[in-house]
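Undergrad: Mind looking at a prediction? Sequence and model below.
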Amino acid sequence: MSLRALVARAVVIAGLLATTACLRFAAGPFAGEPAAASFISVDGERIHYVDLRGRAESSTPALVLLHGFGANLDEWGLLLPLLVQRGYRVVAVDLRGHGFSDRPAAGDYSIAAQARLVSAVLDQLGVASFVPIGHSWGSAVALQLAFDAGARVPRVVFVNGLFFAAQEPLLFSWSRVHGLGEMIFALFYNERIDEKVAFALYNPEPFMTEQAVEDAVALQERPGTLAAALATVRALNLEAMEPRHFDLRQPALLLWGREDQVTPLKYGERMSLRLPHARLLVVPRCGHLPMLEAHQVVADEVLRFLEGGES
């Protein structure tokens, strides 16, 4: 091997080691936490949540909002008050590795473990029955909760859900290769965040403010986020869940943005044929974030589903 080839290989290896070394897990408190933020401890982990109580009877199921991959509970900011105004108790959780929740090195980042985490939070909050409302990757967590909790979950709502291995970007497959994943996340995960957010929206202009972009960048740059995101990708096993889709017994509402480029509508149509008691509602002129672009429509349809008895 020539000297030039040896030097080139050494540079690549050094770069790989350097980028791998950048991926470190972390625990809070984190900079920027709101003064009034609420946290709960689950097996020593610090979990961020919001718990808002409407005027509904205590027997009425709470609504539990579960965000998508790489996001946090703030993505429900426009929808949450509309649900509370109708009297519901609404709990939103930053899942493990996201938002202001901890990013533990020894944590289990699988869908099943995230569902157990949410159940533990709800147990501590005294929530008896609840309706999970999951967005994208959070829909997989909502589905797992519906399986695990049984009668405790009377209904479930999925918003632009991530259910099939075929929906995963190719980047996820590459990231499961040891060393390559660390390099990909260290070099590219935080790149062009504004473009990624715009890609998820049908009409980005009203939402792509300077503050919104700064908040998105700050979220991804929080300590431990890269390591936790990579761990989440590596623990994701949607293929193993696919045979269970047909077993869901609870009524389900599938809400889907018609112009979604992240998880295209064909997957919502496919899922609606698999779930025994499902209704698919397509939201026009809307991308991957209906609870942002069409929050009033989403609120109306969710409330109709909860209160009108539709399945």
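TA: Looks like it came in fine.
Undergrad: can you give me the strands for this structure?
TA: 38-42, 45-52, 62-66, 90-93, 130-135, 156-159, 252-257, 278-283 (DSSP state E).
Undergrad: Report how many residues lie close to Ala166.
TA: 11 (other CB atoms under 10 Å). In this view, the C-beta of every residue, glycine as well, is placed from N, C-alpha and C.
Undergrad: ok, it to Leu80 distance?
TA: 31 Å (CB to CB, to the nearest Å).
Undergrad: rewinding a little: just say which of the strands of the chain is most tucked in.
TA: Ranked by average neighbour count under the criterion mean count of other CB atoms under 10 Å, the strands of the chain are headed by strand 156-159 at a mean of 29.
Undergrad: which residue is nearest the centroid of the protein?
TA: Central residue of the chain (CA atoms, centre = their mean): Gly68, 1.9 Å from the mean position.
Undergrad: do you know how far it is from Pro61?
TA: From Gly68 to Pro61 the distance is 22 Å (CB to CB).
Undergrad: ok, now Trp174?
TA: With CB to CB as the criterion, Trp174 and Pro61 are 40 Å apart.
Undergrad: Looking at those two, which one has more neighbours?
TA: Using other CB under 10 Å as the criterion, Trp174 and Pro61 rank with Pro61 on top: 19 against 13.
Undergrad: Give the closest residue to the more buried one in space, chain neighbours not counted.
TA: Closest residue to Pro61 apart from its sequence neighbours, by CB to CB, 6 or more residues apart in numbering: Ser129 at 4.3 Å.
Undergrad: Could you report the neighbour count for that neighbour?
TA: The burial count for Ser129: 15, using other CB under 10 Å.
Undergrad: Isn't it up against Val153?
TA: Yes - here Ser129 lies in contact with Val153, judged by CB atoms under 8 Å, at a distance of 7.2 Å.
Undergrad: joint contacts of those two?
TA: By CB atoms under 8 Å, 6 or more residues apart in numbering, Ser129 and Val153 have these common neighbours: Pro61.
Undergrad: Would you map the helices across the stretch 201-311 of the chain?
TA: 210-220, 225-235, 238-241, 265-274, 290-293, 295-308 (DSSP state H, counting those that start in this stretch).
Undergrad: out of the ones you listed, deepest packed?
TA: Ranked by mean neighbour count, the helices of the stretch 201-311 of the chain are led by helix 290-293 with a mean of 24 (mean count of other CB under 10 Å).
Undergrad: mind checking how far that helix is from the chain centre?
TA: With CA atoms, centre = their mean, to the nearest Å as the basis, helix 290-293 stands 14 Å off its chain's centre.
Undergrad: Can you pull out the low-pLDDT segments for the stretch 201-311 of the chain?
TA: 309-311 (pLDDT under 70).
Undergrad: please redo it, this time with the cut-off set to 80
TA: In the predicted model, the stretch 201-311 of the chain carries pLDDT under 80 at residues 308-311.
Undergrad: ok, Arg119 - how many residues close by?
TA: Just so we're on the same page, residue 119 is Ser rather than Arg. Residues within reach of Ser119, counting by other CB under 10 Å, total 19.
Undergrad: That one against Ala149, yeah?
TA: Yes - with contact defined as CB under 8 Å, Ser119 reaches Ala149; the gap is 6.7 Å.
Undergrad: Tabulate the helices of the stretch 201-311 of the chain (CSV), appending distance to Gln144.
TA: Output for the helices of the stretch 201-311 of the chain, formatted as CSV (distance: least, CB to CB, whole Å):
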stretch, distance to Gln144
helix 210-220, 24
helix 225-235, 12
helix 238-241, 7
helix 265-274, 15
helix 290-293, 20
helix 295-308, 20
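Undergrad: Looking at those helices, which is nearest to Phe100?
TA: Of all the helices of the stretch 201-311 of the chain, it is helix 210-220 that lies closest to Phe100, at 9.5 Å by CB to CB.
Undergrad: Tell me what angle the closest one forms with helix 225-235.
TA: Here the directions of helix 210-220 and helix 225-235 differ by 70 degrees (axes from the mean of the first three to the mean of the last three CA atoms, to 10 degrees).
Undergrad: counting contacts, what elements does helix 210-220 pack onto?
TA: Here helix 210-220 touches helix 193-199, going by 3 or more CB pairs under 8 Å, 6 or more residues apart in numbering; DSSP states H and E.
Undergrad: Show me what the helix it packs on packs onto, helices and strands only.
TA: helix 210-220.
Undergrad: Roughly how far does His67 sit from Val298?
TA: From His67 to Val298 the distance is 14 Å (CB to CB).
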